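1. coords please:
(chains A and B)
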Amino acid sequence: MNPLQLIPAADPLQVPWGWFQIFLTATFLFHLIAMNLMLGGTLINFFRHVRGQYPADLLEDTAHKIPFSVAFAVNFGVAPLLFLQVLHGQFIYTSSVLMASFWLLIMPLLIAAYGTSYFYSFNFRCLSNWHTVISGLIAILMLGVAFIFTCNLSLMLNPPAWTAYFERPEGLILNLSDPTLFPRFIHSVLGSIAVAGLGLALWHDWQARRGNSDSAQLIPADLRWFSGATMLNFAFGFWYFGSLPEGVRSASGFTGSLLIFFLLLGIATAILALIAAGTLRVRATAFWTLLTLTAMVLVRELVRSLLLNPWISTTEPAVTAFQYSPLFFFLLTLAGGLWLIWFIIRLVTSSTQADTKEARS
Amino acid sequence: MNYPIWQLDAFGGGFLIALIAVVHVFISHFAVGGGLFLVLMERKALAENSNAIMDYVRRHAKFFLILTMVFGAMTGVGIWLTISLLNPTATSHLIHTFVFAWAAEWVFFLAEIVSILFYYYTFDRLSPRRHMLLGWIYFGCAWMSLFLINGIIDYMLTPGAWLENRNFWSGFFNPTFWPALFFRTFLALMIAGLFGLLTSTWIKDREVRHTLVAYCGRWLLIPLALLILSALWYKAALPAAQQEMIFQTAPELKIFLFLFTWLSPVFVGLGLILAVVRPMAIQRPLALILLFCGFCYIGSFEFIREGGRRPYIIHNYLYSNSILKDDLATVQAQGVLNTARWVKNRTVTVDNQKDAGRELFNLLCLPCHSAGGPLNDIRPRVATFTPETMGSFLAAMGSTNPYMPPFPGNKQEQTILADYLTNNLTPPRSDTGLTAAIDTSAPLPFDPETATHVLLASTDRSMTMSSQPALSGIDLSFAPPTLQAQLIERSPSPSVIANNVTISYRILNHQPLLSGQLKGNGDGVYSAQLPGLNPARNPFSPHVIAELTATQDGQEIAQTTTRIRISTELGCRSCHGGSWSTTGAGLSRETATHILASHDRRSNTSLAEAHRTGTIITCSDCHKSSNQPGQPDTLNLSAAMHGFHAGFLAFDFESCNYCHASNFASASNTFDGLHAGLGLECGNCHGTISDHAASLLKHEAAQGKKMAVKRLNQLAGTGEVDQNEIVARTPWTMQPDCLNCHEDFAPPETMDGFNTWTTDSAGLFHNRTDEAGVLRCTSCHGPTHGIYPADSEGNGQAAVLQPLQYQGTPYPISADRGCAVCHTMDMEDEMHHPGSLANFRNRLD
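-> Now for the predicted structure:
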């Protein structure tokens, strides 16, 4: 069966494609950071529990942050999934149905992970020797979610694999035979450890700058997580790249050139980030890492574009009259929302000693 | 039909979405109302300078945070994932149409998260003013997310002007947007009160607990009153189609309407009790019960709202099977298997028919039904059908059952799906049709040389039916057959004997033995009604033979036999299920129970229970029959039966045979006369089931009966004749006139006898006489549906006993210039009707 005939017709867009591509890329970057902090932070805490050498109060400090990271990782995941559905709905809906049983499993896994993370945070001091088990459980649940996402986002790019539906229509297809699946997944997990290590370093750096000198001593350990995971990720990154179809690896033309450019940029900035981490310059590490992440997000979009190119040309959304007023409404809401968040943060951070005293009185 | 179908089977039928959606909406409404609850409760604590209340606010905030963030937010994502799996077409449409509303909602979610996290973690850090401001910001953002999702949800129910202009704002601010927004806002406040009651009953301090329980009770009751008002507004804003679907048409919604209506006083009652009683041991269970009631309340509402969209998922735009309304005709023309993308069996052969049936089932049934699951299980619904009636049901979908979409496939797909549903998805029905015993009756002797009289007899109709009330427990109020006879004194100028003669009858093959006398009308027509006829079951003998004897002055002067058919072979079981009666020869109690349960479900009656306790349910107690007046406001029985069932049957000539034993496939074929032999079908005279029903309903509609108007609307466009052109008629007396086709008794030039009716019962075939005004049509031609030469195949000679007796041929009496049967000589004038001296046209050989 020709997979081309399976690809659903796309629905019309409300405004030109580029708008959604910008929103998708930008919001995914935020999701990636939040998700990395969530997964990587949990994994690091778990490994630290396993090794048993890290101070308990510092582990507790991280434990308190995990529920926040879950909340923001999920929230920041909503927007890119929304824009992905707008641009590539005919692919993502299809792959989701093919692996529906697993895709829906995301919800209970997330509830379990999020709920357990609150349990881990609120009851940290009462858990005695259960910290390793609890944090390990959270990590496994999160890894499960991550693996399902990786499966789906690779399956959506692989229409020839869709014909398996006719043998297994119960939503149990995981795309395990896709050569990109495991390198992509490991690449993402290692990336999350690196970013979370950097996040912890940034946190401790911020605390140190506020006068907590003990925190400064924690930074080298944090950055070791970053450096180790990043160096390993070079290997897995190349594996991942090598697993991509030849047509993507050797793509020419504008898209192919952009891909090579951003890939090289990502590698270069990652090397610079490693150098900065080696000299314990946390903010510089963060700057180069942010550039790496941005470059890699763009690489990801370009790879997707190249992979879908043979299929997408025939399934482009119908062109209809665009309607811009809802876009303006969203942009206004976004601006208002960001201002409101800034206002909330100001409201809290500008709180004075007198406020605290009044609150406790 | 763009996307693959997740073959869920047992967990289909909306089970997943119901489970996740109800949990989510319950918690998400709490997330909105609970925000205001927190901030106002905090203000109360500050105003009363109460540390106890402030402690409660802290604890409640923690409960609120975990519940709304962990379960509320995650099930929100879960709903999104679920709808995209269950109906990707609709989800894609909603995402593409309202992408910026969803995106804006995401912004408010983000602000919600930031504000509630700060709110919870800064109780002891911020001044009360700043802290409460955070609470207000949270509530404002939460309410805005409700505002945004409300527009999208209600768009699905009432798309309004969007259908014409495709404008985002028309769809968003749709006809039910504002009432729904108020409704949901009050619902959110009420649910906040319910959760407040739950947590406040856990306060150990008796006085504080009592104070806060009373306070939370106000949160329950005041919004409830406003909610009821907004619900009335919501209802009034619904367009007529959605109102009718919710409040009248969809039987499955009744339980939810009932729950939604009667839980309101439960809230009031339990709320007041909770405010009065003080022991914690009573308050806590009551609060939990109230919370559960709230869960049922919102669940009922969501079921009702979603049910109102039927048969669409986006009203008047996209059917629940993911077919656009505008594409329906194209899909019907090209076929589902040729149109859907995710189909393997585009060409159907004997080898892949079952697989193709499964694919059709996946595409067309699974979007709404489960297979063996707790919700909308299709198996019990189809298990009662035969493949033929299932196919007929599919063909008529969407008319009398407007909550179902029209069948989008072609005729072949209809058959394939019907076969899959009734033979594969469910076990094939084991018992099949009845087999009739061959009647061995022979005609009586007649000696034209010596016979002084000719006795001609027939029943008024040959299609008399019986539901065997004593056995089945249901009296479908069919009129019993009437035996009619005319006695002719033979001579060159024969005369009909009207007086001084006795004509008696004896039913030969019937237990108990029935006999009696026919009563003369003074004009030479003798008749007797024959109630209580029951055909034998073993072997099944769907007709009996009546032997009639004419005596004069104690002297037997003529004798004849005629067939009386009393069909108990009612087709009800073909759709309603059940086996044939084992004691009778037709409708079983099991089938009758199913019929009555269906009636109860649709018409709010309680007939099944009465039936169970032994009462015989008589249809004509309410529905006027040919001999009972019924109730003035209800449809007459014929209009009710045909008007309702027409919507479940294919609109073709075959449909009649599913209920009536009116073709050669049935054991008691009650339409085996000449017309059947010539290939005519019921519809040639009576029209298709839709047109037939419309003629009856129009009469009832003219009497001001609303149900008739409703049924006519449901059947509009389904017949072969424009409904406006159909002439209204009363049943039993206004029937197709034989002369519609046999104009001036000439050979017919048309085979369409529909839509011109006899003006009254005098024009009916069994009451009409020849042009001499002497002989009834039935005397020479036999009963209406069994006119000579009726088919004798399989029934021996029983169908034509009299023609064989008097003239040795199966043709009408005196056919082929057989005038001598009565006249004792050949005649020259066609005194009975034109053409009566011609040779009979339709020879059996």
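
2. Could you use CA atoms for every contact and neighbour count after this?
-> Noted.

3. would you say B:Ser441 is within a strand?
-> No: under DSSP: H, G, I helix; E, B strand; the rest coil, B:Ser441 sits outside any strand and is assigned coil.

4. Contacts only, for it.
-> Shown in contact with B:Ser441 (C-alpha atoms under 8 Å, 6 or more residues apart in numbering or on different chains): B:545, B:796-798.

5. Turn the residues you listed into TSV, including neighbour count.
-> Listed next are the contacts of B:Ser441 as TSV, based on neighbours: other C-alpha atoms under 10 Å in any protein chain shown:
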residue	neighbour count
B:Ile545	21
B:Gly796	16
B:Gln797	21
B:Ala798	26
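
6. Reformat the residues you listed as TSV; add secondary structure, distance to chain A and pLDDT.
-> Below are the contacts of B:Ser441 laid out as TSV (DSSP: H, G, I helix; E, B strand; the rest coil; distance: C-alpha to the nearest C-alpha, whole Å; pLDDT from 0 to 100):
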residue	secondary structure	distance to chain A	pLDDT
B:Ile545	strand	60	91
B:Gly796	coil	55	70
B:Gln797	coil	58	85
B:Ala798	helix	58	86
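
7. And the furthest pair within these?
-> B:Ile545 and B:Gly796 (12.3 Å; C-alpha to C-alpha).

8. what's the weakest-modelled helix or strand in chain A?
-> helix A:353-360 (a mean of 70; mean pLDDT, DSSP states H and E).

9. ok, residues contacting that helix?
-> By C-alpha under 8 Å, 6+ apart, helix A:353-360 touches B:123-128.

10. Quick check: helices, which of those residues are part of them?
-> With DSSP state H as the criterion, helices contain B:Pro128 from among those.

11. Name the member of the contacts of helix A:353-360 with the most neighbours.
-> Among these, B:Leu126 has the most neighbours (other C-alpha atoms under 10 Å in any protein chain shown), with 28 neighbours.

12. residue contacts, that residue?
-> A:348, A:351, A:355-356, A:358-359.

13. got the buried residues for stretch A:171-182?
-> Applying a neighbour-count criterion of 16 or more other C-alpha atoms under 10 Å in any protein chain shown, one finds A:171-175, A:179-182 buried in stretch A:171-182.

14. now check it, is it near chain B?
-> Yes: Stretch A:171-182 reaches chain B (C-alpha under 8 Å from any C-alpha of the partner chain) through A:Gly171.

15. if we can go back for a sec, can you put the contacts of B:Ser441 in a markdown table and add distance to B:Ser200?
-> Formatted as a markdown table, the contacts of B:Ser441 follow (distance: C-alpha to C-alpha, whole Å):
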| residue | distance to B:Ser200 |
| --- | --- |
| B:Ile545 | 83 |
| B:Gly796 | 85 |
| B:Gln797 | 87 |
| B:Ala798 | 85 |
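
16. Find the helix or strand that residue 83 is a member of.
-> Unless you meant another one, I'm taking chain A. helix A:56-98 (DSSP states H and E).

17. Wait, chain B was what I had in mind.
-> helix B:74-86.

18. How far away from the center of its chain is the helix or strand following that helix?
-> Later in the chain than helix B:74-86, the nearest helix or strand by DSSP H and E is helix B:88-97. Here helix B:88-97 shows a centroid-to-chain-centroid distance of 32 Å under the convention C-alpha atoms, centre = their mean, to the nearest Å.

19. List the first helix or strand encountered after helix B:88-97 toward the C-terminus.
-> From helix B:88-97, the next helix or strand downstream (DSSP H and E) is helix B:99-121.

20. what does that following helix contact?
-> A:71-72, A:75, A:78-79, A:82-83, A:86, A:326-327, A:329-330, A:333-334, A:337-338, A:340-341, A:344, A:348, B:58, B:61-62, B:65, B:95, B:131, B:134-135, B:137-139, B:141-142, B:144-145, B:148-149.

21. From the residues you listed, list the buried ones, please.
-> Buried, going by 16+ other C-alpha under 10 Å: A:71-72, A:75, A:78-79, A:82-83, A:86, A:326-327, A:330, A:333-334, A:337-338, A:340-341, A:344, A:348, B:58, B:61, B:65, B:95, B:131, B:134-135, B:137-139, B:141-142, B:144-145, B:148-149, out of the contacts of helix B:99-121.

22. if we can go back for a sec, between helix B:88-97 and the helix holding B:Ile83, find me the angle.
-> 120 degrees (axes from the mean of the first three to the mean of the last three C-alpha atoms, to 10 degrees).

23. okay, the angle between helix B:74-86 and helix A:56-98?
-> Going by the same axes, to 10 degrees, helix B:74-86 makes 20 degrees with helix A:56-98.

24. Can you spell out which helices and strands pack onto the least confident helix or strand in chain B by mean pLDDT?
-> Lowest mean confidence among the helices and strands of chain B (mean pLDDT, DSSP H and E): strand B:464-465, at a mean of 84. In this structure, strand B:464-465 packs against strand B:555-567, with contacts taken as 3 or more C-alpha pairs under 8 Å, 6 or more residues apart in numbering or on different chains; DSSP states H and E.

25. This completes my enquiry, with thanks.
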